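J.: coordinates only, no sequence provided:
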């Protein structure tokens, strides 16, 4: 879980969905619809249940291209609202921006009425790793699929599809679109990304990049080894990566170092 996931969870928790009576038949209905849609398309779809912290993933051939399966169809469930099997393949720099867009989107639609919530969609374009280990660009959209009876964010739909535009860009081309009016609000997270790590965390990352171990870093900075290790874990969490080597790679690509 990264720090932006905590921000999203704060939005979900503020809704008090557990106080409502939610019809699980709605989940089954949408699962059948999306599974059928995935079977006749090349896209990958994720239904997220914000109350249960659970997601359902359905895909056509895109799942095979990403190395998720060798079969023409793909279907799985995860006991998490994060589709980690997908997120682990997104370029780390792009994943941070995607998280920021998700937060901006749900923060924006949260106070809207049930009917208004369904008229907005967050869109982006970013790199994701194929089974060959090469990055390809996909178009991504996120929307409220079905609000709760009280109009809260309940079921969320996320779609991934191969982008017809494979030209490199400096950002994920983030936007929130109103499907009722065609209005588009664009986002740039360049400045936000620069602030995602503290000065101390950047200092520690530079020392790690130069080959210093935690004990050496502690001596150089005059802090405890435990403090160094805590900073390292915070860095890994913030950048949504698995280890310090991946964190350095992500930070360099994001021009943080």
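T.: That came through, no problem. In this text the structure is predicted, and so the values were computed from the model without any measurement.

J.: quick one: low-confidence parts of the protein?
T.: Counting by pLDDT under 70, the chain has low-confidence residues at 1-3.

J.: mind splitting it into its structural domains?
T.: 3-190, 197-253 (automatic domain parsing).

J.: adding mean neighbour count, write those out as JSON lines.
T.: For the C-beta atoms, the positions are set from N, CA and C on the backbone; glycine is no exception. Formatted as JSON lines, these follow (neighbours: other Cβ atoms under 10 Å):
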{"stretch": "domain 3-190", "mean neighbour count": "17"}
{"stretch": "domain 197-253", "mean neighbour count": "16"}
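
J.: each with direction, which strands does the longest strand seen in the chain pair with?
T.: In terms of residue count, the longest strand belonging to the chain (DSSP state E) is strand 135-146. On the basis of DSSP bridges, the sheet neighbours of strand 135-146 come out as strand 120-129 (antiparallel), strand 155-162 (antiparallel).

J.: quick one: residues in contact with the last one.
T.: Strand 155-162 is contacted from outside by 26-27, 30, 34, 41-50, 62, 65, 83, 86, 128, 136-147, using Cβ atoms under 8 Å, 6 or more residues apart in numbering.

J.: from the chain's centroid, how far away is that strand?
T.: Here the centre of strand 155-162 is set off from its chain's centre by 11 Å, with Cα atoms, centre = their mean, to the nearest Å.

J.: helix or strand right after it?
T.: Next helix or strand after strand 155-162 toward the C-terminus (DSSP states H and E): strand 175-178.

J.: report all helices and strands that the lengthiest helix in the chain contacts.
T.: In the chain, with assignment by DSSP state H, the single longest helix is helix 92-109. Judged by 3 or more Cβ pairs under 8 Å, 6 or more residues apart in numbering; DSSP states H and E, helix 92-109 is in contact with helix 3-14, strand 120-129, strand 135-146, strand 175-178, helix 190-194, helix 244-253.

J.: which residue sits closest to the residue nearest the centre of the chain in space, ignoring its chain neighbours?
T.: Centroid check for the chain by Cα atoms, centre = their mean gives residue 99 as the closest residue, at 4.5 Å. What sits nearest to residue 99 in space, not counting adjacent residues and going by Cβ to Cβ, 6 or more residues apart in numbering, is residue 4, at 3.8 Å.

J.: again with residue 170
T.: Closest to residue 170 by Cβ to Cβ, 6+ apart is residue 190, at 7.9 Å.

J.: check residue 244 too.
T.: Nearest one to residue 244, counting by Cβ to Cβ, 6+ apart, is residue 208 at 5.5 Å.

J.: and the angle for the host helix or strand of that neighbour with helix 244-253?
T.: Element membership of residue 208 [criterion: DSSP H and E] is helix 199-209. For helix 199-209 against helix 244-253, the angle between stretch directions is 110 degrees (axes from the mean of the first three to the mean of the last three Cα atoms, to 10 degrees).

J.: now the very next helix or strand once past helix 199-209: how far from the chain's centre is it?
T.: Remark: after helix 199-209, the chain's next helix or strand is helix 214-221, criterion DSSP H and E. Between the mean C-alpha location of helix 214-221 and the chain-wide mean there is a distance of 33 Å, by Cα atoms, centre = their mean.

J.: I'm done for today, thanks for sticking with me.
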